[in-house]
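Novice: Based on what follows, work out the 3D shape:
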Amino acid sequence: MAKRPIIVIPDPILRETSAPVERVDDQVRAFADDMLETMYEAPGIGLAAIQVGEPIRMLVADVSKEDEERAPHVLINPEIVARSDEANVYEEGCLSIPDYYADVERPASVTVSYIDRDGEKRTLDADGLLATCLQHEIDHLDGILFVDHISRLKRDMVFKKFRKLARQRGDSPVVA
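Specialist: Residues are numbered from 1 along each chain as shown. Got it, this is the predicted structure:
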């Protein structure tokens, strides 16, 4: 397993729509292990493949608490097939937008169909924090960032800050 560098805004790859995974094989499973290692080391509770530069529809998540046994999820080609009418608000953050948090309202529960690391079709019913995490990561696969769910003023301030940081690092500033 190998830790991967996490891409941060304003990198334009974060706005790309990820392509479906055609076949689950040893290479895909090894990449999933790399993603889990990267997520745990960050530390985070979710990571989409696009965040480590691979525009494929795959995500990993683990919302277990520090004192609990790890409960990793690997979802390949995830798709939300049902959403509750009830909403929850969680303070979200993102490994691609370090040190910024904002309240985001999303459906309280979702049903997600996906392919697991063995290539089997599965369905996962999630609520609470796991539901929020899965929606956040699936958004990444569609080029959507959690700051797209907050006010335009706050979002513009976040991008302005990260464009300035990119210029200071010598990265070419790109509008995300």
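Novice: all contacts plus neighbour counts: C-alpha atoms, from now on.
Specialist: Noted.
Novice: where's Lys161, which helix or strand?
Specialist: For Lys161, the host element (DSSP states H and E) is helix 152-169.
Novice: Buried residues of that helix, list them for me.
Specialist: Val158, Phe159, Phe162, Arg163, Ala166 (16 or more other CA atoms under 10 Å).
Novice: Max pairwise distance over those: which two?
Specialist: Val158 and Ala166 (12.4 Å; CA to CA).
Novice: number of nearby residues for the residue nearest to Ala61 when sequence neighbours are not counted?
Specialist: Computed as CA to CA, 6 or more residues apart in numbering, the closest residue to Ala61 that is not its neighbour in sequence is Gly46, at 4.1 Å. The local packing of Gly46 (other CA atoms under 10 Å) involves 25 other residues.
Novice: The chain should start at 11 in everything you say after this.
Specialist: New numbering, starting at 11: the last item is Gly56.
Novice: my read: Gly56 touches Glu147, true?
Specialist: Yes: assessed by CA atoms under 8 Å, Gly56 is found in contact with Glu147 at 6.6 Å.
Novice: Find residues that contact each of those two.
Specialist: Leu69 (CA atoms under 8 Å, 6 or more residues apart in numbering).
Novice: Show me what the helix or strand hosting Leu69 is packed against.
Specialist: Leu69 is part of strand 68-71, with elements assigned from DSSP H and E. On a contact count with 3 or more CA pairs under 8 Å, 6 or more residues apart in numbering; DSSP states H and E, strand 68-71 meets helix 36-51, strand 56-58, strand 83-93, helix 138-151.
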